[in-house]
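# what follows is a protein structure lacking sequence information:
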């Protein structure tokens, strides 16, 4: 089955005065995929989403959803997309039930159709016990579920989620992702922005935006194979030891160690192929860190983004 | 489904729920108008009475005391003390102890009896113009009447050569609440309604729900009308409530047709709600919305004829007043309530209000872009 392109951007650009928030960004998202859009705060993630949703006019370039141009055919796009903003835009004075009803009516649902869709969404999000509670009194996780239910009320083909898991507890986060996978398997296209690398690893495709420019875009596994992430004659190793912070100071001084980063109780090192495990162990022992485990690892997405960002920063210097 | 008012009923449903659940908005629509109405009804009384007056009677005769009594009997003056010298009299006025000083010099009775012109000095503090003009008129009147008595006694005249008999047609007691309260209702309605719609849309902008509405297929006309109708209904109830208070608490009779009054009110409120929406398409936050609302309220207070008659205004203010909805509404209200006029007599006002409503509403639907920034 040929993959159908659902979202496509070609040199999409947005300028606010002299500031370019989004600079010639191009990518395509296939139907049914989960596209993770990553980047630091203020890098232009939300601006891209807003342009795709027709809320902002692109300054240059073009973008389309299901073949409809976002700037010209905004009204055709609206029934196709769902949008869940960072703020989980709900009406605080209204109960969960009323919020969901309102969004249903807004999309022209009524009577039995509305009732049926309402029941589906309630059972999907397990909102049942909270239906008569005012949205203002719902906790973060339940607000998020309600906002999600509201954005799904019209069965959109594409769902945009702008940092859906910011400020949500880990359980709610996992449950949200389980839902996203379910939607994806039903053919819905998902466009998710996030700060969390573990979430990025779950996406079928990721894009990384830095300083308004799209640095890279592709499947996570492919990105990890990029030459720039795996320079020739280097290897990645994980060093687990006591006193990681002291250990980091030690290994950073060693010849042949290109980068070293702390990951919880261990360090991730990018070293020259010639650097032996024994050499590192001996150096750590000299600095009163007698026990350490070393094993080879594959690059993570974070490694990919760090490598690409550093590379780009050097290019611009 | 591509109707121009797409999404209207959804917004209507939501807006009613929000308004009913938001005690803050309801409070601000009901409470301040009540307070303002009571404040204006009781306090804004321009009938000047009981002006504090000091007397310096250097004549000390029956005639001079009689004259002072005549001053007091008008009700305009209230004798609050006596001064011993001219300097003391002037000093008391300067210090604000009295607004008026009456000085009767020593030879008053002698001159009166001798048929010479008997002098009475009246000092008036001009710093408050309405008190001063009232004191002046009454003082001259007292002197004139006293003179007339003397003249008629000397000539044996039975009746006045010219007898002016005024008949006050509307508001015969010339009560100031009758004049002011319809105007107060106009102003109070403007404050409450403009504020309500301006705030309601700006609040959605602040909370981010407006963005959510803009990604939906909701049409701008649907949004605007959905926002307007609930407040229109509340506004009409509010107007009915204020008219009830005016009629039964302040005893201002409604001479004209109440139905006609409500028709005028409908267009007036529609017009102001549209103005509020127009403000909300511009204002980025509630503070801005509040300030912009106030900008439109002040001219309505000063230039609409609510307090100062428009006819005596400099042309520039008169020109401004012709652009203000309150001008037409207050004029219409006074005509209907006080003079029992019919809508037919004041069709021009109604047309102006309806025209302004249509213009402002179209303008805000056109102004509102379904885009941010």
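Received the coordinates, thanks. Keep in mind that what you see is a predicted model, and the values were worked out from it rather than measured.

# strands of chain B, start to end?
Shown for chain B, the strands assigned by DSSP state E span residues B:51-57, B:77-82, B:100-104, B:121-124.

# winner for burial among these?
The highest average neighbour count among the strands of chain B, using mean count of other Cβ atoms under 10 Å in any protein chain shown, belongs to strand B:100-104 at a mean of 24. (C-beta placed from N, C-alpha, C; glycine too.)

# report the distance from that strand to the chain centre.
34 Å (Cα atoms, centre = their mean, to the nearest Å).

# likewise for stretch B:73-89?
Per Cα atoms, centre = their mean, the displacement of stretch B:73-89 from the mean C-alpha position of its chain is 33 Å.

# same question for stretch B:22-36.
The chain centroid and the centroid of stretch B:22-36 are separated by 20 Å, computed with Cα atoms, centre = their mean.

# again with stretch A:29-41
Centroid displacement of stretch A:29-41 relative to its chain, using Cα atoms, centre = their mean, is 6 Å.

# what's the host helix or strand of residue A:145 in contact with?
Mapping residue A:145 onto the secondary structure by DSSP states H and E places it in helix A:140-152. With contact meaning Cβ atoms under 8 Å, 6 or more residues apart in numbering or on different chains, helix A:140-152 is reached by A:82-84, A:88-90, A:96, A:99-100, A:103, A:121-122, A:124-127, A:130, A:135, A:138, A:159, A:161, A:164-165, A:167-169, A:171-172, A:176, A:179, B:212.

# once you drop chain neighbours, what's closest to residue B:20?
residue B:26 (7.6 Å; Cβ to Cβ, 6 or more residues apart in numbering or on different chains).

# touching, the one you found and residue B:19? I think so.
Yes. Taking Cβ atoms under 8 Å as the contact criterion, residue B:26 and residue B:19 are neighbours in contact, 6.9 Å apart.

# now do the SS call for residue A:271.
Using DSSP: H, G, I helix; E, B strand; the rest coil, the structure places residue A:271 in strand.

# list the buried ones in the top helix by length along chain B?
Looking across chain B with DSSP state H, the single longest helix is helix B:176-207. By neighbour count on 16 or more other Cβ atoms under 10 Å in any protein chain shown, the buried set for helix B:176-207 is B:177-205.

# helices of the stretch 201-317 of chain A, residue ranges please.
Assigned by DSSP state H, counting those that start in this stretch, the stretch 201-317 of chain A shows helices spanning A:220-224, A:244-253, A:277-286, A:301-316.

# hmm, back to that, quick one: neighbours of the residue nearest to residue B:20, just the number.
The number of residues packed near residue B:26 is 14, by other Cβ atoms under 10 Å in any protein chain shown.

# any idea how far it is from residue A:91?
With distances defined as Cβ to Cβ, to the nearest Å, the gap from residue B:26 to residue A:91 amounts to 16 Å.

# what does residue B:16 give?
Here residue B:16 is placed at a distance of 12 Å from residue A:91 (Cβ to Cβ).

# more crowded one of those two?
Neighbours per residue, other Cβ under 10 Å: of residue B:16 and residue A:91, the larger number sits with residue A:91, 23 against 15.

# who's in contact with the more buried one?
Applying Cβ under 8 Å, 6+ apart to residue A:91 gives the contacts A:98, A:99, A:102, A:135, B:14, B:17, B:18, B:209.

# got the domain ranges for the chain?
You didn't pick a chain, so chain A it is. In the domain annotation for chain A, the residue ranges read A:5-221, A:234-298 (automatic domain parsing).

# actually chain B
The record's domain split for chain B, according to automatic domain parsing, is B:8-44+B:175-367, B:51-155.

# gap between the first one and the chain center?
Domain B:8-44+B:175-367 has its C-alpha centroid displaced from the chain centroid by 15 Å (Cα atoms, centre = their mean).
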